[in-house]
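Participant: here is a sequence with its predicted model. Questions after.
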Number of protein chains: 2
Amino acid sequence: MTTDSPWLAQGEAKRQAILDAIPAKWRLADPVPPATEVRDVTGSYIQQYLSEREIEITESDAVHIAAQTTTGRWSAVEVAEAFCHRAALAHQLVNCLHEIFFDAAIEDAKKLDAYYAEHKAPMGPLHGLPVSLKDQFHVKGVETTMGYVGWIGTFQGKKDDTRFRTEESELARELRNLGAVLYCKTSVPATLMAGETINNIIGYTWNPKNRLLSSGGSSGGEGALIALRGSPVGFGTDIGGSVRIPAGFNYLYGLRPSSGRMPYQGAANSMDGQSTILSVIGPLAPTARSLTLLFKTVLSQKPWFHDPLVLELPWRDAVAEETRLRIDQAKAGKSSLTFGIMHWDGITRVHPPIARGLRIVEQTLKRLGHRVIPWNPPSHATAGTLGSTAFSMDGGADLAHHFGLSGESKASQVIITDKEPLSMTELAALNVAKREYQKQYMDYWNSTAEVTGTGSPVDGLFCPLAPHAAVIPNEYHYVGYTSFVNVLDYTSVAMPVTFADKSIDVRSAYVSTAESADHIEWNYDADTYHGAPVGVQFVGRRLQEEKMLTLAEYIGDEISKTAETM
Amino acid sequence: MTTDSPWLAQGEAKRQAILDAIPAKWRLADPVPPATEVRDVTGSYIQQYLSEREIEITESDAVHIAAQTTTGRWSAVEVAEAFCHRAALAHQLVNCLHEIFFDAAIEDAKKLDAYYAEHKAPMGPLHGLPVSLKDQFHVKGVETTMGYVGWIGTFQGKKDDTRFRTEESELARELRNLGAVLYCKTSVPATLMAGETINNIIGYTWNPKNRLLSSGGSSGGEGALIALRGSPVGFGTDIGGSVRIPAGFNYLYGLRPSSGRMPYQGAANSMDGQSTILSVIGPLAPTARSLTLLFKTVLSQKPWFHDPLVLELPWRDAVAEETRLRIDQAKAGKSSLTFGIMHWDGITRVHPPIARGLRIVEQTLKRLGHRVIPWNPPSHATAGTLGSTAFSMDGGADLAHHFGLSGESKASQVIITDKEPLSMTELAALNVAKREYQKQYMDYWNSTAEVTGTGSPVDGLFCPLAPHAAVIPNEYHYVGYTSFVNVLDYTSVAMPVTFADKSIDVRSAYVSTAESADHIEWNYDADTYHGAPVGVQFVGRRLQEEKMLTLAEYIGDEISKTAETM
C-alpha cells in the first residue's frame, strides 16, 4: 500500500473515469451526507433530484414499462434518459456501477423510436426497456473489469486481445434482439466469490436502504441499483447465492434458475471451467412478474442454439398455467398447496429479523389455507462442505492469477482461501459425493408426499437466504443458506418480506450449536440493522422455474399483505 | 501368468460358473466349430437348436412382442423361456454373457402372467418383454463384475459391502415397473474403455455374423446377444461410442442420447465422477421403433424424480409428430428434409465397405428427394484430443486401482494409458476448450441454413461410426468417429446399412493423411471382413432424441430398400 503499488492509482483512475462518464447535469453538487446522518437514500431521498415524470417512469416495474414502450405510449428515449439519470444518482450515492454508456443507450433508444414510428410495432417484447447487467457481461464498446484492476484496458486480463471492447455476450445480444436498451454495468466484488461487493476500483457498494450495511454480493451493484430504481430489472449471476443475496438484501425478487436455462456464453467468469457447480444467470427486479418477463423473453430467443450449455427447454406455459389453476383451486378452498419451512438449517442460527421474516411467511401460508410441514432434510453441513470444496478446488490459483496481474490486494470478504488444489481422484470423489447428496435430497423431497396429505411432495421450501438481513461490512461468515441450492442445482426465488426493526427484533436466547453460530449471535446489533431489508428464499426442485415464478408472484403479494398487519 | 497369478483361476472359475448357470437341456452337446469353418452363427445356424415357435418369438422385435404380451396373446413365461434358451445358445457361440438368472426371470414372468390373468390387463407397457442389460447395471440377487476379476464376489470391488447382490440400479427398477423381464447381463471389456469386448473372465466376445471379428465394445455383449436374437432389446452405455459401435458392428440400431435423459443412478461405472464427458445410457435393438419404445417408456417413469442427473424432459410427442408431418410433406413432394454427409473426417480414411455404406445412404436420401450437403465442420482432430484428454484425465488411476484388486492384466485394446493426471488448472482449461469447440460446432451447424435452401439448418448428419466394419481383433485404433459426438453431447443413432462384400469392397487408392490413416489402410483385408455388418451414424443436435428416432425409423426402412438393389 505504498507508492510501490501502482494498482492503487490505476484503480483510482478507473473510478474517476466512471464518475466522469456521468453527464455534468446529473452530478450531485454536494457531497452525500455520511451514513450515520442519512441511512436510507431510497424513496424521497433520491426523488429530490428527479422530476415527477422521471419518478413515474423509474418507479414502474418492467412489465408496466414494457407495456408502455411496446405500444408507443412512452418513447424509448424518454424512458432511457430517466433511468440513465436515476442510475447516475444511484452510483453517486452507493457506488454501484462499473461501466456507464448512456450515450450509446440514448442512440439505441432513438433507433427504437424510429423503428416504432416506421413500423407502428415494437422491435420485440422488451422494446425500449432498460436492462442493467452485472459487470461480467461483455457489451460492445465497453470494457469489462469484473472488479479486477488488472483487467482495466484488457480483455479479461489479456492485453492486446482483439475482443477488447468488441465482444458482446450472448445474453446482451439476445436482449438487444428483444428490444432492450443496455446502458450500464454494475459492480461486483473481484473474484465474484463474496457476499458483499468490494473491489479496488469502486470501493464498497453500500445498501441504499441502510448505508451502514452491504448491498450483498456478488451481484451487489445490481441489488443496489435496482433498489434505488436506477434500473427496472437486471441480470446477475449466482454460484453460491450471488443473485439471491443482493435480491434479499435490497427488498427485491431474484431468480436462481437451474443450470442450463439462461445463456452464459461469452460472459466473463471466475474459475471458468470449474464444472462441479456451475454459475448461473438470473434476473433481479422489484416484482416477481418482472423476473418472469425477462426469463420468458430470453428463452424466446432459443439460446440453446447459441450456447452449448443451454438446454432446449422453452418457457413451459403449460406448467405455469397448471400452477395458476392449482392456485385458483386453493383460493376456492378446493385443495391446498403444500410447503416445507426450514426456520434454520441446524448449523447457523439466524438473527431476529430473519426469524420474524420466516414467521410472516408461515402465517401467510396458513392464512391462505396451505399446508406447511417442517423440513428435516439430509444435513446441510454436507452441502456446505461440498460447496466450499468445489469453490476452492483449484486452491485459489485462478484468483491469484487475476489479482497478480496488477499486484492488487484481495478483500477479506472473498471466501476462497489459498490451499492445495484437489487431485483428479479427489475431484472425482467430490463429484460422486455431490451426486449422492443430490440423490438423498431428492429422495427426502419425494418422501414428503407421505406427510403433505395431498399424496404429492411439497410444492416448495421456504428458508432463510442468509443468517442476517443486509449485512454489516465484513460480517458475512456463512453462505450455507444459499450455497446448498447451488449444490443441488435447484430453482430458487429470493423474495422480499419485511425490514429489520429494532423495536421488534430484539436479541433472544439462542442455542448455539457451532462456533459460527456463536459468531452470528454475537454480531446481532438491532440498532445497526434497523431498516435493513429482510428477504427469504423460496426453493423448488431442479428446472422448476415456471412453477416457482408463478408461485412466487402469488405468495409474494400475499406476504406483503401479511407484513403490513404485523 | 504363472501359478503366482491367482486371478487366472478366479476368472476361470467365474467363467465356468456362468456356463454352469445354463440349464443342462440348453447346453450344446458338441464344441462349436472354429470360425475358419463357420463364420456366421446367426440365422439358420442358431435356429437349428430352436423350435419354430421359439424362432417366431425371438425373431419378433420388441414392439411386436410387447403388442402380444400386453394383450395376453403370448404368455410372459413362454416368451421369457424362448429368450433364455436363445441367450444361452448365444453365449455358448460367442461369449456374450456375464450373468445368467433365468430362474428368477421365469419366476417374474409367472407373476406377470398371474397378474394378467387376474386383472385382464398388463402391468405396464413392457409387460412380459425380456430386456438384457450391460453388466454395469445392478440387479437384485446377481453380482456385477463389469469384467474385472477383482470385482467377483464384491460390490464394485468392495468386499463385505451390504449392497453386494442387494442393490438394484434405477434403470432396472423402472424396467420392472414397466413390466419388463430381466434375465441376463451382457459382457463388457474391463474398464469399458475399448471398442472390443475382452476381459479375464469370459475372454473375447466374437461377432456372430463373422466370428473372426469383434462384436464391438464396450457394450459388445449386448451387440452380440441381440444380433443372435438372444434378446429383443437391451441397454448399453456410451462415453466414446460404446452403444453405437456394437450396434453398427452387429447390424443393429443403437441410440446415444444426450446426457440427462436416461437414468444412470445406481449403475457401476469407470472413472465415476469424471464429469467433463458423461457416459450415457442407450438402447440397442434390431429395429428403430424398438429404441423408441424403450426410450419413451423409461421416460414415462419420470426418472428425473429419482436420478439427480436426469432432466425433467418427458418424451416430447409434439416433436415426433412434427417430424412425421415433415416426412409426410417430403413424401408428397411439398418440401424436403436436409442432411449433411461426411464421408470421412479428414483424419482417418475409412475402409471400402464403410465408404460404400455412406454411398448407399446418400443415394437413398437423393432418391427420396432430400437435399444432401457436404459437411465441413470445425476440425474433428480437436474433438479427438478433447475426448482422449478427458478420458485419461486421472492418468489411469481408476482402472489401475480396479485391475490392482486382483493383479490381473490389462487388455491391449484399452484406450487409457498411464500418464500424469491433469492439474485442476489443466482440467478447467479442458472444460473451457470443450465448450468453445461445442460453440464452434453449433455455429457451424447453424450456418448450414445458408446452404440447405430451406432457410433452416440440416436435420441431421450422416457419417461413419468407425473406419471399418466389425473389426479384426486388436485392430481398433481410432475412435474419433464416435467420440466427437460425446464431446459435443449430441444425439446419435447407429443404423445398419449393409454387409462387407469381398467382391465389391476392393482396396482402392486412398490418400493417407496421418499415421493412423496409413495403419487403417494397411489393415483392410477384404477376405477377413467379408460378411461383416456395416453401420453408419445419424447425428442430431443435443437433446433431439424424439426427432432423430423418428427420422431413423423412416430413413432406415428406405436404406434397406436401396441396399437390396445395390
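Facilitator: Yep, it's here.
Participant: show me which residues of the stretch 301-450 of chain A are close to chain B?
Facilitator: A:304-309, A:311-313, A:393-395, A:397-398, A:421-425, A:427-432, A:435, A:438-439, A:442, A:446 (Cβ under 8 Å from any Cβ of the partner chain). Using the backbone N, CA and C atoms, a C-beta is placed for each residue, glycine as well.
Participant: could you check how far the residue of the stretch 201-350 of chain A at minimum distance from chain B is from residue B:435?
Facilitator: Proximity of the stretch 201-350 of chain A to chain B (Cβ to the nearest Cβ) peaks at residue A:273, 3.0 Å away. According to Cβ to Cβ, to the nearest Å, residue A:273 stands 8 Å off from residue B:435.
Participant: cool, residue A:28 as well?
Facilitator: With Cβ to Cβ as the criterion, residue A:28 and residue B:435 are 44 Å apart.
Participant: with residue A:357 instead?
Facilitator: 39 Å.
Participant: which one of these two has more residues nearby?
Facilitator: When residue A:357 and residue B:435 are compared for neighbours, residue A:357 comes out ahead with 30 against 18, by other Cβ atoms under 10 Å in any protein chain shown.
Participant: ramachandran angles for the more buried one?
Facilitator: phi -60, psi -40 (degrees, to the nearest 10).
Participant: same thing with residue A:340?
Facilitator: phi -90, psi 150.
Participant: list the contacts for the closest residue in space to the residue of the stretch 201-350 of chain A closest to chain B that isn't next to it in sequence?
Facilitator: Leaving aside its chain neighbours, residue A:273 sits nearest to residue B:428 (3.0 Å; criterion: Cβ to Cβ, 6 or more residues apart in numbering or on different chains). Counting by Cβ atoms under 8 Å, 6 or more residues apart in numbering or on different chains, residue B:428 touches A:271-274, A:394, A:398.
Participant: let's see it at 7 Å
Facilitator: Each residue near residue B:428 by Cβ atoms under 7 Å, 6 or more residues apart in numbering or on different chains is listed here: A:271-274, A:394.
Participant: put together JSON lines for those, with distance to residue B:534 and pLDDT on each row.
Facilitator: Listed next are those as JSON lines, based on distance: Cβ to Cβ, whole Å; pLDDT from 0 to 100:
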{"residue": "A:271", "distance to residue B:534": "46", "pLDDT": "97"}
{"residue": "A:272", "distance to residue B:534": "42", "pLDDT": "98"}
{"residue": "A:273", "distance to residue B:534": "39", "pLDDT": "98"}
{"residue": "A:274", "distance to residue B:534": "42", "pLDDT": "98"}
{"residue": "A:394", "distance to residue B:534": "46", "pLDDT": "97"}
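Participant: list just the nearest of these to residue A:112.
Facilitator: residue A:272 (33.4 Å; Cβ to Cβ).
Participant: what residues are up against that closest one?
Facilitator: B:428, B:432.
Participant: and with 6 Å instead?
Facilitator: Neighbouring residues of residue A:272 by Cβ atoms under 6 Å, 6 or more residues apart in numbering or on different chains: residue B:432.
Participant: and for residue A:283?
Facilitator: Listed by Cβ under 6 Å, 6+ apart, the contact partners of residue A:283 are A:233, A:235, A:255, A:291, A:294.
Participant: which of these fall in helices?
Facilitator: Those of those mapping onto helices are A:291, A:294, per DSSP state H.
Participant: can you put the contacts of residue A:283 in a markdown table and add distance to chain B?
Facilitator: Putting the contacts of residue A:283 into a markdown table (distance: Cβ to the nearest Cβ, whole Å) gives the following:
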| residue | distance to chain B |
| --- | --- |
| A:233 | 26 |
| A:235 | 20 |
| A:255 | 17 |
| A:291 | 20 |
| A:294 | 22 |
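Participant: returning to what we had before: PyMOL command to pick out the buried ones of the residues of the stretch 301-450 of chain A next to chain B?
Facilitator: The following PyMOL line selects those of these that are buried, judged by 16 or more other Cβ atoms under 10 Å in any protein chain shown:
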select buried, chain A and resi 304+305+306+307+308+309+311+312+313+393+394+395+397+398+421+422+423+424+425+427+428+430+431+435+438+439+442
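Participant: longest helix in chain A, by residue count?
Facilitator: The longest helix of chain A (DSSP H) is helix A:424-447.
Participant: just checking, next helix/strand downstream of that one?
Facilitator: strand A:460-464 (DSSP states H and E).
Participant: could you list every helix and strand in contact with that next one?
Facilitator: strand A:338-341, strand A:533-540 (3 or more Cβ pairs under 6 Å, 6 or more residues apart in numbering or on different chains; DSSP states H and E).
Participant: who wins for proximity to residue B:467 among those?
Facilitator: Of all the helices and strands packed on strand A:460-464, strand A:533-540 comes closest under Cβ to Cβ, at 47.8 Å.
Participant: out of the contacts of residue A:283, which is nearest to residue B:76?
Facilitator: When the contacts of residue A:283 are compared against residue B:76 (criterion: Cβ to Cβ), the nearest one is residue A:255, at 48.8 Å.
Participant: sorry, back to before: how close does the residue nearest to residue A:273 sit to residue B:164?
Facilitator: From residue B:428 to residue B:164 the distance is 37 Å (Cβ to Cβ).
Participant: repeat for residue A:319
Facilitator: For residue A:319 relative to residue B:164 (Cβ to Cβ), the value is 42 Å.
Participant: now residue A:70
Facilitator: 64 Å.
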